[in-house]
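Undergrad: Build me a structure from this.
(chains A and B)
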There are 2 protein chains.
Amino acid sequence: MDSSLPRALHDAMSTRLGDGWLTGEGRRLYGGDDSRRWAMPSAVALPRTPDDVVALVRACREHRVPLVARGAGTGTTGAAVPTQGGVVVSFARMDRILELRAADRCVVVEPGVLNGGLQQTLAPYNLFWPPDPSSADLCSVGGNLATNAGGPRAVKYGTARDNVLGLVAVTGAGDLIRCGGAYTKDATGYDLTHLIVGSEGTLALIVEATLKLAPRPHAQAGLRVLYRDAATAAAAVSRIMARPTTPTMLEFMDRSAIALIRRNGSDVPEAGAMLLVEADGDDDTLPYALQALADAAEGEGLIALDVATDGSARDRLWAARRALSPALRTIRPGKINEDVVVPVSRIPDLVAAMEALSLEAGLPVVVFGHAGNGNLHVNIMYDDADAAETARAQAALPRVFAQVLALGGTLSGEHGIGLSKRNFMADAFSAATLDAMHAVKAALDPDGILNPGKVLPPREPL
Amino acid sequence: MDSSLPRALHDAMSTRLGDGWLTGEGRRLYGGDDSRRWAMPSAVALPRTPDDVVALVRACREHRVPLVARGAGTGTTGAAVPTQGGVVVSFARMDRILELRAADRCVVVEPGVLNGGLQQTLAPYNLFWPPDPSSADLCSVGGNLATNAGGPRAVKYGTARDNVLGLVAVTGAGDLIRCGGAYTKDATGYDLTHLIVGSEGTLALIVEATLKLAPRPHAQAGLRVLYRDAATAAAAVSRIMARPTTPTMLEFMDRSAIALIRRNGSDVPEAGAMLLVEADGDDDTLPYALQALADAAEGEGLIALDVATDGSARDRLWAARRALSPALRTIRPGKINEDVVVPVSRIPDLVAAMEALSLEAGLPVVVFGHAGNGNLHVNIMYDDADAAETARAQAALPRVFAQVLALGGTLSGEHGIGLSKRNFMADAFSAATLDAMHAVKAALDPDGILNPGKVLPPREPL
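TA: This is a model prediction of the structure:
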């Protein structure tokens, strides 16, 4: 057992949680996430009830021990890594669907429910929960809420924050709070629900969520549209988003992303930029929706527009998009992938800036992502066995963020801040705004035990 | 001049604001709202810039003088009434549209812009801002944000909180903070934007907002559907909301509301309940949307379904709905109107409970409103010259809220809490949840100068 773990805390939690309190080697599995960071927790708690969580928070608070919430460990920013030691709390044993209220279009779940499993449960009711991160089969709803996860469908259906109606959570003070509920309109007191969403376990631990569901569309169809360059593709994104028919997905690939999937055997023709556009609806209306999107996609710089209406054509369309992330590793083994956001109208500026950065840094930079939200994944590729390339990649990163902020954008659209982007927060927000965030943190977590060192940059001593 | 106004505060603000600092009889016009409450402010400030607002907050904080934000005074809860004296800050002179970014589907405005004027400015761009309270022509965007205003369109497009991307605000500490921006996806730090929305001027004063816009649909059409009773109408609401075609509006009227508009000359047949359903879209798809909604409206208890596709038929449809609020006064001069929310599936229970309450209290109770969100207006009608009726009406109010909370609903869907519902907050939230709200209040307004006594019930002495 880790000697830094207070004995009284250990005894109390061991008694309460039984085999849900790990202090042996099993802890090792709870120390990392998909950022490739790892740190050994002093203990791992696997609570089964909200009361367990209240007891855990109170004990950690009493002993001033850090408490780091963990979903399924698929995060990319180090938010779930216990870099200051302490206890990791995994919600893997709080994974029940508590109440499916189809008539109210919502479901009440525990945080450990997996996104993919939830969707399977909802399918027979012709309902779904919109957030669709690429890790959907593996990631937990609690993690989705903690990071305000998104995915391609967010352009029509919104992110995790837009799809939660209420929460039960335990604050850093050890208090169980309940806000919102099974209703879609609320002007009653402060909106703690949406404040806690996206706070990455630094304000409160979510122990129950009422999720807003959407009716499953009967049919989908897609368009693949090639453009001369990023500027004309981005203009098309603005045109598409200005129409009443909102696409279900609106994905962008830059020239280097297209070149990459072509090298890996895709049948996409050479082009300066590509949009993948999807519409949903029912059989009667889908053709009109698709036509409206195709009309909007037409314009200066268009090279080719292909429609994929049936299942297999549509699968081929999206296979190219899905192949992209794995294919990146064929360029270079190392990757810095940031999910920046810019106003839609500034996408061409961002792409141009990334092309310039690629030339200057002498490294491939591949840009693709959720264009309808201006949420682009900028991938700086480098050989992580090559010290010089690694250094150049790391030096390029602050320039990506500086460019994004200069364009009126922000650091993260769906991955969150965690540790990876924490030190750029002072560039994204004024000192007064960060002070306000620190004040809110202190209000809900007075002793700073919840996920210390994440999201907000450490404060200068006064 | 009010002798309670500190001289130094007066001198500083008078110098800074000139004729935008009122201490004479002109103040009187800034003391009331549509709750029929009124109190005389010690002074009224009409700032022109964010810097003016920072200076005002800092001066009020220094002298511990209450500062009450005011939009256009159309609120119904007393939130803008300076019941503890102090300074009212009106944003009437900060009413500019700062930047219309059509390609980014957003607009940057000052808080004093009127909702109706904004919509006129946006119309040529085929864009609109979704919140549509019945006072839209008169109310300000700042007030809409402060109360999280809604309206019938919220069922498809959401409320004010769902339609704001970023804010610049001055906290009660006197700090200018900036969060969010001209983008629709954000996982960067704490979501102060949506926390400040709906906080009724108790956390921060909004000095600039980036509003999310929606494309204007090309066409609308409506359905008028009559049912045997509230239960069958409510079942239809659940069926309609379970389909992928979301209506633009989905309004409910109970038996007494129908009887009222019939007495006032409407051609609506007698029925136990009525739904008004509207769809929007373009000319190609609208017929399909309307058919999908009509199919969902069909079912047990349906008496009649009428379609209103063209402009004048549609106008007649909505005229009945619009006539309802004024017609209420023909029953009784006095009205307690609460905008409660219940889960959609519990609408029949609420309507039944209100029928029972009407019988017990010996007073007409009329229920209508935004059924798609479960947001119903419960109107307890009484003769305000009759002391006994007034007492019975006031005694009935807590029973409305108790019923709503027992059904898993909440106090307000779009009007907010203000003073009217403040003392019911302890019924709606646990002590720990209210403590968390008080802690957030103290974090952003450490001296409690912003709109004291509103939203949160006063704390018991420790």
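Undergrad: distance of residue A:41 from chain B?
TA: 24 Å (CB to the nearest CB, to the nearest Å). For the C-beta atoms, the positions are set from N, CA and C on the backbone; glycine is no exception.
Undergrad: OK, contacts around residue A:456?
TA: Residues in contact with residue A:456 (CB atoms under 8 Å, 6 or more residues apart in numbering or on different chains) are A:202, A:422, A:425, A:434, A:437-438, A:441, B:189.
Undergrad: quick one: which of those has the most company?
TA: The residue in the contacts of residue A:456 with the most neighbours, by other CB atoms under 10 Å in any protein chain shown, is residue A:202 (29 neighbours).
Undergrad: Give me the phi and psi for the nearest residue to that one once chain neighbours are set aside.
TA: Leaving out its chain neighbours, the residue that sits closest to residue A:202 by CB to CB, 6 or more residues apart in numbering or on different chains is residue A:451, at 4.6 Å. When quoted as degrees, to the nearest 10, the phi and psi of residue A:451 stand at phi 50, psi 60.
Undergrad: picking that back up, so which of the contacts of residue A:456 belong to helices?
TA: If you go by DSSP state H, the contacts of residue A:456 have A:425, A:434, A:437-438, A:441 in helices.
Undergrad: Closest to chain B out of those residues?
TA: residue A:437 (4.7 Å; CB to the nearest CB).
Undergrad: Please tell me the pLDDT value assigned to the closest residue to the closest one other than its chain neighbours.
TA: Once flanking residues are discounted, residue A:437 sits nearest to residue B:190: 4.7 Å by CB to CB, 6+ apart. We have a pLDDT of 98 for residue B:190.
Undergrad: and if you look at the one 4 residues further on?
TA: On the pLDDT scale, residue B:194 is placed at 98.
Undergrad: Quick one: end-to-end length of stretch A:125-143, please.
TA: Counting by CA to CA, to the nearest Å, you get 24 Å between the two ends of stretch A:125-143.
Undergrad: pLDDT of that stretch, averaged?
TA: On average, stretch A:125-143 scores 96.
Undergrad: Buried residues in that stretch, which are they?
TA: For stretch A:125-143, the neighbour count (16 or more other CB atoms under 10 Å in any protein chain shown) marks A:125-133, A:135-136, A:138-143 as buried.
Undergrad: hmm, it in reach of chain B?
TA: Yes - against chain B, stretch A:125-143 shows contacts by CB under 8 Å from any CB of the partner chain at A:126-127.
Undergrad: Then stretch A:68-76?
TA: No - applying CB under 8 Å from any CB, one finds stretch A:68-76 separated from chain B by no less than 10.9 Å.
Undergrad: who's in contact with that stretch?
TA: Outside stretch A:68-76, the residues within contact range by CB under 8 Å, 6+ apart are A:30, A:32-35, A:41, A:80-82, A:86-92, A:111-112, A:114, A:133, A:135, A:138-144, A:146-147, A:201, A:205-206, A:337, A:415-416, A:418, A:420, A:450-451.
Undergrad: among these, which are in helices?
TA: Using DSSP H, those in helices are A:141-144, A:146-147.
Undergrad: need those in JSON lines with distance to residue B:398, can you?
TA: Shown next, in JSON lines, are those (distance: CB to CB, whole Å):
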{"residue": "A:141", "distance to residue B:398": "37"}
{"residue": "A:142", "distance to residue B:398": "37"}
{"residue": "A:143", "distance to residue B:398": "41"}
{"residue": "A:144", "distance to residue B:398": "39"}
{"residue": "A:146", "distance to residue B:398": "38"}
{"residue": "A:147", "distance to residue B:398": "41"}
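Undergrad: I'd like the mean pLDDT over stretch A:453-462, please.
TA: In this model, stretch A:453-462 has a mean pLDDT of 82.
Undergrad: and the gap between the residue nearest to residue A:437 and residue A:455?
TA: Remark: distance between residue B:190 and residue A:455 (CB to CB, to the nearest Å) = 8 Å.
Undergrad: Between those two, which contacts overlap?
TA: Common neighbours of residue B:190 and residue A:455 (CB under 8 Å, 6+ apart) are residue A:199.
Undergrad: Report the contact partners of the nearest residue to residue A:47 once chain neighbours are set aside.
TA: Of all residues not flanking residue A:47 in the chain, residue A:53 sits nearest, at 5.0 Å (CB to CB, 6+ apart). With contact set as CB under 8 Å, 6+ apart, residue A:53 has these partners: A:47, A:89, A:170, A:205, A:207.
Undergrad: pretty sure residue A:53 belongs to a helix, no?
TA: Yes - according to DSSP: H, G, I helix; E, B strand; the rest coil, residue A:53 belongs to a helix.
Undergrad: Could you measure from it over to chain B?
TA: Counting by CB to the nearest CB, the gap from residue A:53 to chain B is 13 Å.
Undergrad: contacting residues around residue A:161?
TA: Residue A:161 touches A:148, A:194, A:197-198, B:191, B:194, counting by CB under 8 Å, 6+ apart.
Undergrad: These in helices, which ones?
TA: Reading helices off those with DSSP H, I get A:194, B:194.
Undergrad: who wins for neighbours among the contacts of residue A:161?
TA: Top of these by neighbour count (other CB under 10 Å): residue A:197, with 30 neighbours.
Undergrad: What sits closest to that residue if chain neighbours are left out?
TA: In space, residue A:197 is closest to residue A:161, 4.4 Å off (CB to CB, 6+ apart).
Undergrad: Pretty sure that neighbour sits in a helix.
TA: Yes - applying three-state DSSP, one finds residue A:161 inside a helix.
Undergrad: ok so, going back, which among the ones in helices among the contacts of residue A:456 gets closest to residue A:264?
TA: Minimum distance to residue A:264 across these is 36.3 Å, recorded for residue A:425 (CB to CB).
Undergrad: Provide a list of residues in contact with the closest one.
TA: Contact analysis of residue A:425 by CB under 8 Å, 6+ apart lists A:411, A:417, A:434, A:455-457, B:188-189.
Undergrad: let's see 10 Å
TA: By CB atoms under 10 Å, 6 or more residues apart in numbering or on different chains, residue A:425 lies in contact with A:411, A:417, A:433-434, A:437, A:455-457, B:188-189.
Undergrad: hang on, the earlier thing: and the residue nearest to residue A:197, how far is that from residue B:14?
TA: Using CB to CB, which is the criterion applied here, residue A:161 is 44 Å from residue B:14.
Undergrad: Kindly report the same for residue A:357.
TA: Taken as CB to CB, the span from residue A:357 to residue B:14 is 53 Å.
Undergrad: Return the distance of the worst-scoring helix or strand of chain A on mean pLDDT from the chain's centre.
TA: Every helix and strand of chain A was ranked by mean pLDDT, DSSP states H and E. The lowest is helix A:311-328, at a mean of 82. Offset of helix A:311-328 from its chain centre (CA atoms, centre = their mean, to the nearest Å): 20 Å.
Undergrad: Tell me the helices and strands packed up against it.
TA: strand A:219-227, strand A:249-254, helix A:255-263, strand A:273-281, strand A:302-308, strand A:334-341, strand A:365-370, strand A:375-382 (3 or more CB pairs under 10 Å, 6 or more residues apart in numbering or on different chains; DSSP states H and E).
Undergrad: for the ones you listed, which one sits closest to residue B:312?
TA: It's strand A:273-281; of the helices and strands packed on helix A:311-328, that one is closest to residue B:312 (CB to CB) at 29.4 Å.
Undergrad: Could you list the buried residues of that closest one?
TA: A:273-281.
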